[in-house]
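J.: Any chance you can model this:
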Amino acid sequence: MDEQLEDACDNYLRTAFTEADKKQIQDLLDTKDYIELRKRMLPRITFGTSGLRSKMEAGYARMNDLTVFQASEGLRDYILSTVPDAKSRGIVVGHDHRFNSQRFAQIVQAVFAPSMKVFVFGTLVHTPLVPFAVKTLGAACGVMITASHNPKQDNGYKVYGENSCAIIPPHDRLISEAIEAAISKNPKPEVDFESSLASLENVYEAMTKAYFGALFQAVGRLNQGTTTPSKPFKFCYTPMHGVGLIYARVAMSSSSQSTGPSEMITVADQAYPDPEFSTVKFPNPEEAGALDLAMQTADEEGISIIVATDPDADRLGVAEKVDGKWRILTGNQIGTLLASHLIQSSQEEPKRAMLSSTVSSKILQAIGEKEGIHWEETLTGFKWLGNRALSLREAGYNVILAYEEALGFLPCDIVYDKDGILSMAVLLNFTRTLYASGRTLSDELTRLYRTYGYFQSSNSYFIVPDPPLLARIMASLRDPRYPDSLNHRPVTRVRDLTRGYDSSTEDHVPSLPTSKSSEMITFWFSPAADEFESATMTIRGSGTEPKLKYYIEARSTSTEKASAAAQAIERDLIQVWFKDFTLQRP
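T.: Next up, the predicted model:
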């Protein structure tokens, strides 16, 4: 064991909050499991795509009482020193139903209470309610304890700035520096839970009332000028063992006045908060098998539409039964359908804008060009989309949609983060309209492809738990130089946001932000007359999970050709560029 690891273990054993955490580290020391110790201790957990997120275990690299306390001390010091009137404006603290979420939230509250007003909810909340409360209350910042759709062993610490958006650079780096400074000032931390109770202000009733009022107004505006059907619209919903049910019920009830009555059939075995996520391996609507129970329930009830939210209800999944077969829609397809509805419903509004992440489908760009709507792309992660949506709003734009392919959608900007409940209400409103006219979501997608181009994606990932292996894989795409072809397809452009290189710009500097700590390379391929009109591929490391992700999209003259081209590029990526690596599929 080297000196750095030894010092980290000694410090942790002196400062850990619980005997159980100390025992975990001591047991690893006793068995001389230095490989596991290094994973637990070094480096310290840092802000990724969605704040802090890791397994709930002892160690500086994990989510536990000590690391939550230290993160909160650093965040508190940073906010007090940089945000005007932070003490009186306060912090909003929320949590989901995961193991330790409530305790971690109480630690946050206890750290902030002596210095700032603390707004709490007193119960489980869905993630979007925290940034909504930050915006509505004018708070200095917000913290949500959640690991979203990660496995049950994980938890996380998501930070929102005073603008109600998830933090982006340089704030994440500066907060990390403040955490280190706070640790040096307070080497023996203690938490006084009792004294913090008097400083807490419960805003659950006020914020939920305001949130659903804003949701009702947003959905109502979209429905102006349409006939409200009298027949209830029946759909199946699963909250995936998360917090979504109560919010979904109120959302559909509050919007029924403008959209018409609905009948929501909930998947009984997944209806209520369960930190074990007992019926799914991964509580993520994107994962294979996650919607099996919902399909079974829908079949029993004769329902042809399923909506799902992930455990903290900030993402939306959709499936539709057409011609007797279930079709699970991708995030890009849901985003395209939302764009169609929002464009049709905002014809009279000036300076419309849409946003999508750089790994999402470029059909939104094609739609924007044809309809005269401003479109931009951002880096991966909704923190970038939310911050840019707010900037455009402040510049006078009406941002009708921001989305990322990973089932994150922001239709109508009542909150500057992805929102599965709001997205569900908007999408079901559109679905009801289509079904009333005898059309399906699949029919609408076909119409949109005919109008704007046939775009098809092939996205997936490899499980790479070893960071050095991921680094070697990415290095193979750069050294000694970037590849100039993939099989028979010439590479026409390379953008490396890790090294800050873009072959298409005059100075070879990308327009998007770069980061040496985040692996991401995008390749563009030369059009192939017999295969595709355009094609791109992005390869990146996940900011929250041990995954190497890839995103491939092709545009062609038909859905079948575009899909075949994307799959062929995927096959060659694995067989040609990744042939020297043994990679684990999910």
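J.: could you measure D479 against Y501, distance?
T.: For D479, the distance to Y501 equals 13 Å [Cβ to Cβ, to the nearest Å]. Every C-beta, even on glycine, is put in place using the N, C-alpha and C of the backbone.
J.: let me fix that: A139
T.: 39 Å.
J.: what bits of the protein have low per-residue confidence?
T.: 49-50, 225-230, 254-260 (pLDDT under 70).
J.: domain assignment for it?
T.: 3-202, 208-452, 455-577 (automatic domain parsing).
J.: and P586, which of the ones you listed is closest to it?
T.: domain 455-577 (6.2 Å; Cβ to Cβ).
J.: what's the first-to-last distance across that closest one?
T.: End-to-end distance for domain 455-577: 24 Å, by Cα to Cα, to the nearest Å.
J.: Ok, stretch 524-535 next?
T.: End-to-end distance (Cα to Cα), stretch 524-535: 6 Å.
J.: Can you list the neighbours in contact with it?
T.: 362, 453, 486, 488-494, 536-537, 552-557, 561-562, 564-566, 568-569 (Cβ atoms under 8 Å, 6 or more residues apart in numbering).
J.: Correct me if wrong: S278 contacts H241.
T.: Yes: the criterion here is Cβ atoms under 8 Å, and S278 meets it with H241 at 6.9 Å.
J.: Mind checking which of these two has more residues around it?
T.: When S278 and H241 are compared for neighbours, H241 comes out ahead with 24 against 11, by other Cβ atoms under 10 Å.
J.: ok, that one to S72 distance?
T.: Where S72 is concerned, H241 sits at a distance of 27 Å (Cβ to Cβ).
J.: likewise T82?
T.: Taking Cβ to Cβ, one finds T82 at 16 Å from S72.
J.: ditto for Q109
T.: 9 Å.
J.: Of these two, give the one with the bigger neighbour count.
T.: Shown here are Q109 and S72; by other Cβ under 10 Å, S72 has more neighbours (26 against 23).
J.: so that one sits in a strand?
T.: No: under DSSP: H, G, I helix; E, B strand; the rest coil, S72 falls outside any strand and is assigned helix.
J.: Excluding residues flanking it in the chain, which one is nearest it?
T.: V111 (3.9 Å; Cβ to Cβ, 6 or more residues apart in numbering).
J.: what about that neighbour, which SS state?
T.: helix.
J.: Wait, it touches L66, no?
T.: No: between V111 and L66 there is no contact under Cβ under 8 Å: 12.0 Å.
J.: out of the two, which sits in the busier spot?
T.: V111 (26 against 23).
J.: Tell me if T380 really is in a helix.
T.: No: per three-state DSSP, T380 lies outside any helix segment and is coil.
J.: Touching, T498 and P513? I think so.
T.: No: using Cβ under 8 Å as the test, T498 is too far from P513 to be in contact (11.4 Å).
J.: who has more neighbours, these two?
T.: T498 (17 against 13).
J.: Can you add distance to L583 and give the domains of the chain back as JSON lines?
T.: Converted to JSON lines, the domains of the chain look like this (distance: least, Cβ to Cβ, whole Å):
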{"stretch": "domain 3-202", "distance to L583": "20"}
{"stretch": "domain 208-452", "distance to L583": "18"}
{"stretch": "domain 455-577", "distance to L583": "4"}
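J.: Give me the distance between K362 and K23.
T.: Applying Cβ to Cβ to K362 and K23 gives a distance of 52 Å.
J.: So if I had to pick from those two, which one is more boxed in?
T.: K362 (20 against 14).
J.: list the contacts for the more buried one?
T.: F455, S534, T536, E553, R555.
J.: let's go with 7 Å and repeat that
T.: F455, E553 (Cβ atoms under 7 Å, 6 or more residues apart in numbering).
J.: ditto for P285
T.: Going by Cβ under 7 Å, 6+ apart, the list of residues near P285 reads M240, L291, A308, D310, R315, G317, L407.
J.: Give me the neighbour count for the last one.
T.: By that I understand L407. 27.
J.: Now it. Nearest residue, chain neighbours left out?
T.: R315 (4.1 Å).
J.: cool, and the first one?
T.: Distance criterion Cβ to Cβ, 6+ apart; nearest residue to M240, sequence neighbours excluded, is P283 at 4.8 Å.
J.: Okay, and that neighbour sits in which element?
T.: Per DSSP states H and E: P283 is located in neither a helix nor a strand.
J.: Give me the phi and psi angles of it.
T.: With angles defined as degrees, to the nearest 10, P283 sits at phi -80, psi 60.
J.: and it, how many neighbours?
T.: P283, neighbours per other Cβ under 10 Å, totals 28.
J.: for it, what are its contacts?
T.: Counted by Cβ under 7 Å, 6+ apart, P283 has contacts H149, M240, H241, G242, F277, D310, P311.
J.: Distance of it relative to V191?
T.: Counting by Cβ to Cβ, the gap from P283 to V191 is 29 Å.
J.: now the helices for the stretch 1-150 of the chain?
T.: 3-15, 19-30, 34-41, 65-82, 86-89, 101-112, 129-137 (DSSP state H, counting those that start in this stretch).
J.: hmm, I was thinking of the stretch 301-450 of the chain
T.: 331-344, 363-371, 382-394, 420-436, 441-452.
J.: Show me the one of the ones you listed that comes nearest K325.
T.: helix 441-452 (10.4 Å).
J.: Which elements pack onto that closest one?
T.: Under the contact definition 3 or more Cβ pairs under 7 Å, 6 or more residues apart in numbering; DSSP states H and E, helix 441-452 sits against strand 316-322, helix 331-344, helix 363-371, helix 420-436.
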